[in-house]
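A.B. asks: Below is the sequence, then the predicted model.
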Amino acid sequence: METMSWQGDRLLLLDQQKLPSEIKQINCFDYLAVADAIRTMKVRGAPAIGAAAAFGMVLGAMEFSGGNVSALKKHLEKVAEVLLNTRPTAVNLFWAVKRMQQSMSVHLDETPAAVIKVLEKEAEEIFREDVELNKKIGYFGSKLIPQNAAILTHCNAGSLATAGYGTAIGVIRTAHSDGKQVTVFADETRPLLQGARLTAWELQEDRIPVTLITDSMAGYLMQLGKIDLVIVGADRIAANGDVANKIGTYSLAVLAKAHAIPFYVAAPYSTIDMALTDGSQIVIEERDHEEVRRIGGIMTAPVGIPVFNPAFDVTTARLISAIITDKGVVSAPYQEELKKITGGGSQ
Ligand SMILES: CSC[C@H]1O[C@H](OP(=O)(O)O)[C@H](O)[C@@H]1O
């Protein structure tokens, strides 16, 4: 089941808020619908958000009527602003929108119709490229996975978080297809349960052995010696290797360090932001407090109880054994290696 598919005049999205109980697709006929889908996490996961925003830019261009290309460019600045204001942490959103705007910059002397075709081609390339990057991450990452490894993962960094195949789950998929007989422990990942609802579902669909645990069980499993390594995705990687990822990732990294268990991050080059010297500069999204007070709409806390709901945390580079990218595996010190991977680019 694809996370999304471009239909030429609309973006068909799998509504991830309904999974796993319902497989429902939604049609986004305009960029505002794409922005809403990102903001409400019907589509989520750094690379998936980037790809969806790229198609949002195409839809924005398609609704442009009349005027010349410079008017279209101005219209797309407004479209970009709406898309960029949906969620602040995943750098792939900013990377994708910037790449879409750059793709039209060498066609400003052409007709609006021609430029829209260029934008559509660029969005399709971003989508296609992401799947290829994830398979490369899987190839490099699988080499780190021992035979019969028990792997702990957090949130969802699978096909549903990308254009396909996944990053951290992509490594697990490749190790599985390489015959390594891996087993997975998936953190449920409160409050929105991406691990329970999405990762457990994805791995079961692929017949990869998976056991669901609550987030608070991870440390005990490590203490029992039942975890061989941890692998997670990323939403933004700073130049020094600090990583923003789903809330709870930092706790896992500290626990892994305490138990001398390898802790890996898997991400494509589009998740690295060389403009940020370290993780303290990463903007952490804070989400609606009702997400913590309720599960599936059912009250699990007193009405109006004060809540702290950061969607991400930052894992410092010293806690990360290696970062698995589409260009290979890098380990500390990260700065120079990450610069080579991104060509020094900032998103
Ligand atoms: C492959 S990046 C996936 C990354 O995105 C998730 O966050 P969210 O579900 O809020 O979009 C989580 O941090 C994953 O590791």
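C.D. replies: Cool, got the structure.

A.B. asks: Point out the residues in this protein that sit beside the ligand.
C.D. replies: When proximity is defined as Cβ under 6 Å from any ligand atom, the chain approaches the ligand at 44-47, 155, 157, 161-162, 167, 194, 232-233, 235, 245-246, 311. Every C-beta, even on glycine, is put in place using the N, C-alpha and C of the backbone.

A.B. asks: can you do 5 Å?
C.D. replies: Applying Cβ under 5 Å from any ligand atom, one finds that the chain approaches the ligand through 44, 45, 46, 155, 157, 161, 167, 194, 233, 235, 245, 246.

A.B. asks: Looking at neighbours, which among those is most surrounded?
C.D. replies: residue 157 (36 neighbours; other Cβ atoms under 10 Å).

A.B. asks: which residue packs closest to that one, ignoring adjacent ones?
C.D. replies: With Cβ to Cβ, 6 or more residues apart in numbering as the measure, residue 233 is the residue that lies nearest to residue 157, at 2.6 Å, once sequence neighbours are left out.

A.B. asks: cool, and residue 310?
C.D. replies: Nearest one to residue 310, counting by Cβ to Cβ, 6+ apart, is residue 284 at 5.0 Å.

A.B. asks: And for residue 116?
C.D. replies: Residue 116 sits nearest to residue 61 (Cβ to Cβ, 6+ apart), 4.7 Å away.

A.B. asks: what's the helix or strand for the one you found?
C.D. replies: When secondary structure is defined by DSSP states H and E, residue 61 falls within helix 46-62.

A.B. asks: Check which helices and strands that helix sits against.
C.D. replies: Of the remaining helices and strands, those touching helix 46-62 by 3 or more Cβ pairs under 8 Å, 6 or more residues apart in numbering; DSSP states H and E are strand 4-6, strand 11-14, strand 25-28, helix 31-39, helix 69-84, helix 91-104, helix 112-142.

A.B. asks: can you redo the ones you listed as a markdown table with mean pLDDT and mean neighbour count?
C.D. replies: Output for these, formatted as a markdown table (pLDDT from 0 to 100; neighbours: other Cβ atoms under 10 Å):
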| stretch | mean pLDDT | mean neighbour count |
| --- | --- | --- |
| strand 4-6 | 98 | 18 |
| strand 11-14 | 98 | 22 |
| strand 25-28 | 98 | 17 |
| helix 31-39 | 98 | 21 |
| helix 69-84 | 96 | 17 |
| helix 91-104 | 97 | 22 |
| helix 112-142 | 97 | 19 |
